[in-house]
Structures are given as structure tokens and as C-alpha cells.
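Student: Whatever this is, show me its structure:
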Amino acid sequence: MLLMQFSAAGTDFPPIDTWTPDEIAAHIAFMSEVNGKLTADGEWVQGEGLGGPQQARIVRAGAGGAPVVTEGPFAETKEFLAGWWIVDCETPQRAVEIAAYISTAPGPGGRPLNMPIEVHPVMSAPPQEM
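Tutor: Take a look at the predicted model:
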């Protein structure tokens, strides 16, 4: 699983809601090209972009299991999950290569964003050593 994290700390580009329509279109076109290439290569399983933190909610079980919903992440949160892909790769190194390519997604002025992409194996069962 490839997780695209956004961090307000340590980035050298403005928030996406300040980008020009052409910059947003180029970014979305790049992501569509990534998905198309993964599909053509037989590595695509699933993926989605996510709404920003202003649309996220934190849910916990309250009394009797009733949902208690709060807005979140909280204002002090500097990072949030922006999107994800599940890919089926021959090797872990291939997943790292895909993540590095996704990190080059264009931002303002067409410059690569160099956003961090986390790479996690998806486990079907607990590891044998547990």
C-alpha cells in the first residue's frame, strides 16, 4: 500500500487550494497517468485521493457503542493522508520505485512536489514469527 502524506511542515509549495486551475489539472492528469500505467502493467489494485483534513471526522465509540463524532484532524495536526494506492508488485523494490515516481507529481509551476509516499506491505495474516 502506498500512502501519500501531506505535511504542512517542511514543504516548499503552497496549499493546493491556492494553485491555479492549470496547475491542479496538471497534477490530476499526472495521477491519472500513474493509475493508467499501473493498470497497463498489471500492478493496479485500487487507489483513491482523499478529501482534506477540513472534511475529515474522528469517530469513537461512546456510551453503548453509539458513535461520538468530532471534527478532525485537530488544528495542531501538521500531516494528513492525501491519497492511497494498493499495488500488486513482484518485489518490494518495485513498490519503492512506484512510490518514488508518484512523489514527482507536479505542483505549482510544474515543479515536482517531492511529497513523501509511505510504502507498507498489506498483510493477509499475522507473520509466522508472531
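
Student: Please make it C-alpha for all contacts and neighbour counts, starting now.
Tutor: Will do.

Student: Listing request: residues of the protein with sub-threshold pLDDT.
Tutor: Along the chain, the model assigns pLDDT under 70 to residues 8-10, 72-78, 130.

Student: Can you show me the helices along it?
Tutor: Counting by DSSP state H, the chain has helices at residues 21-40, 92-102.

Student: Select, out of those helices, the one closest to residue 6.
Tutor: Residue 6 lies closest to helix 92-102 among those, at 13.0 Å (Cα to Cα).

Student: Do a quick rundown of the strands in the protein.
Tutor: Here the chain has its strands, by DSSP state E, at 2-7, 44-49, 57-61, 67-71, 79-87, 117-119.

Student: In JSON lines: those strands, plus distance to residue 98 and mean neighbour count.
Tutor: Formatted as JSON lines, those follow (distance: least, Cα to Cα, whole Å; neighbours: other Cα atoms under 10 Å):
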{"stretch": "strand 2-7", "distance to residue 98": "9", "mean neighbour count": "19"}
{"stretch": "strand 44-49", "distance to residue 98": "11", "mean neighbour count": "14"}
{"stretch": "strand 57-61", "distance to residue 98": "30", "mean neighbour count": "12"}
{"stretch": "strand 67-71", "distance to residue 98": "33", "mean neighbour count": "12"}
{"stretch": "strand 79-87", "distance to residue 98": "9", "mean neighbour count": "17"}
{"stretch": "strand 117-119", "distance to residue 98": "9", "mean neighbour count": "18"}
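
Student: could I get those as TSV with distance to residue 103?
Tutor: Putting those into TSV (distance: least, Cα to Cα, whole Å) gives the following:
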stretch	distance to residue 103
strand 2-7	8
strand 44-49	14
strand 57-61	26
strand 67-71	29
strand 79-87	12
strand 117-119	6
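
Student: so which of those gets nearest residue 32?
Tutor: Nearest of the strands of the chain (Cα to Cα): strand 44-49, 10.7 Å.

Student: what does the closest one rub up against?
Tutor: Residues from elsewhere that reach strand 44-49 (Cα atoms under 8 Å, 6 or more residues apart in numbering): 35, 38, 39, 82, 83, 84, 85, 86, 87, 88.

Student: Against residue 128, how distant is the second one?
Tutor: Here residue 38 is placed at a distance of 30 Å from residue 128 (Cα to Cα, to the nearest Å).
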